[in-house]
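# Sequence and predicted structure, then a few things I'm wondering about:
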Amino acid sequence: MKKGLFIVFEGGEGSGKSTILEKIYNWLLEENKNVVKTREPGGIKISEQIREIILSSENEEMDGKTEALLFAAARRQHLVEKVIPALIEGKIVLCDRFIDSSLAYQGYARGYGIEEIYKINSFAIGEYMPDLSILFDIEPSTGLDRIKKNSSREVNRLDKERVEFHNKVREGYHEVLKINDKMIKIDASKSIEEVFEDVKEIILKHIG
């Protein structure tokens, strides 16, 4: 039975969510919180192997439904092997992406339908929905510009999609926001320190 707190960081490419997650993780450690950090797709061996297949720039011919199913498969393995055990132990789990990414990217932007992609992922995750989902909202063009300027960040197959696709992803997240009462949107165009403080405030309200 779940005892911990499952917090997910969501957003488009270059939104800064991964950078802020790292800062939040270090802050919670300093506060002596029992916290783990992870990412999707990935987090454990099998899911990282699936990540390489999904995001490889060499796999541009990948079908959209294949992409959706691979994300769900990686999510399931990551959940049962890492997330669920950590939650049972009462830990705070910080995860870079979860089901809302699939709803926005494959459900809305790829056009397969938010409800259809939710069905696929519902089979994969069962009852383990996030307690809190933080949406890092930013203009896609700004996020993509950040990626171009960050030489240390991996550039993957999704980064190379046309800006129109990324605009659809943002629209998709806004649609998910309407139906997910656990999701909170923040302005990710602000400075790193400002965004960090905003996220800290949100998390403090949830960890009590």
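Cool, got the structure. Keep in mind the model is a prediction, meaning the values are calculated, not measured. Residues are numbered from 1 along each chain as shown.

# how distant is the least confident helix or strand in the chain by mean pLDDT from the center of its chain?
Least confident element among the helices and strands of the chain, by mean pLDDT, DSSP states H and E: helix 140-149 (a mean of 89). Computed by Cα atoms, centre = their mean, to the nearest Å, the chain-centroid distance of helix 140-149 equals 18 Å.

# Just list what that helix packs against, helices and strands only.
Packed against helix 140-149 by the contact rule (3 or more Cβ pairs under 8 Å, 6 or more residues apart in numbering; DSSP states H and E) you find helix 163-179. Backbone N, C-alpha and C define where each C-beta goes, glycine included.

# Buried by neighbour count: which residues of the helix it packs on qualify?
For helix 163-179, the neighbour count (16 or more other Cβ atoms under 10 Å) marks 165-166, 168-170, 172-173, 176-177 as buried.

# coming back round to it: who touches the least confident helix or strand of the chain?
Defining contact as Cβ atoms under 8 Å, 6 or more residues apart in numbering, one finds that helix 140-149 is touched by 11-16, 153, 155, 159, 163, 166-167, 169-170, 188-189.

# what about the chain, any weak spots by pLDDT?
In the predicted model of the chain, residues 1-2, 151-155 satisfy pLDDT under 70.

# where along it do the helices fall?
Along the chain, counting by DSSP state H, helices occupy 17-30, 45-55, 64-78, 84-88, 99-102, 114-125, 140-149, 163-179, 192-207.

# The least confident helix or strand of the chain to helix 17-30, inter-axis angle?
For helix 140-149 against helix 17-30, the angle by axes from the mean of the first three to the mean of the last three Cα atoms, to 10 degrees is 80 degrees.

# Next, the angle helix 163-179 makes with helix 140-149.
Using the same axes, to 10 degrees: helix 140-149 against helix 163-179 is 120 degrees.

# measure the residue located most distally from the centre of the chain to residue 173 for me?
The centre of the chain is farthest from one residue, residue 32, which by Cα atoms, centre = their mean lies 24.6 Å away. The gap separating residue 32 from residue 173 is 33 Å, by Cβ to Cβ, to the nearest Å.

# same check, this time on residue 113
15 Å.

# How about residue 109?
In terms of Cβ to Cβ, residue 109 sits 10 Å off from residue 173.

# what sits against the residue nearest the centre of the chain?
Taking Cα atoms, centre = their mean, the centroid of the chain lies closest to residue 97, which sits 1.3 Å from it. Applying Cβ under 8 Å, 6+ apart to residue 97 gives the contacts 8-10, 39-41.

# Apply 7 Å and report the result again.
Each residue near residue 97 by Cβ atoms under 7 Å, 6 or more residues apart in numbering is listed here: 8, 10, 39-40.

# Kindly format the C-alpha coordinates of stretch 63-79 as CSV.
Output of stretch 63-79 as CSV, limited to C-alpha atoms (Å, rounded to 0.1, in the frame of the first residue of the first chain):
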residue,chain,number,x,y,z
ASP,A,63,5.1,4.6,-36.0
GLY,A,64,3.2,6.8,-33.5
LYS,A,65,1.4,3.8,-31.9
THR,A,66,4.6,1.9,-31.5
GLU,A,67,6.0,5.0,-29.7
ALA,A,68,3.0,5.1,-27.4
LEU,A,69,3.2,1.4,-26.6
LEU,A,70,6.9,1.6,-25.9
PHE,A,71,6.4,4.5,-23.5
ALA,A,72,3.7,2.5,-21.7
ALA,A,73,6.0,-0.6,-21.5
ALA,A,74,8.9,1.5,-20.1
ARG,A,75,6.5,3.1,-17.6
ARG,A,76,5.3,-0.2,-16.3
GLN,A,77,8.7,-1.7,-15.7
HIS,A,78,9.9,1.5,-14.1
LEU,A,79,6.9,1.7,-11.9
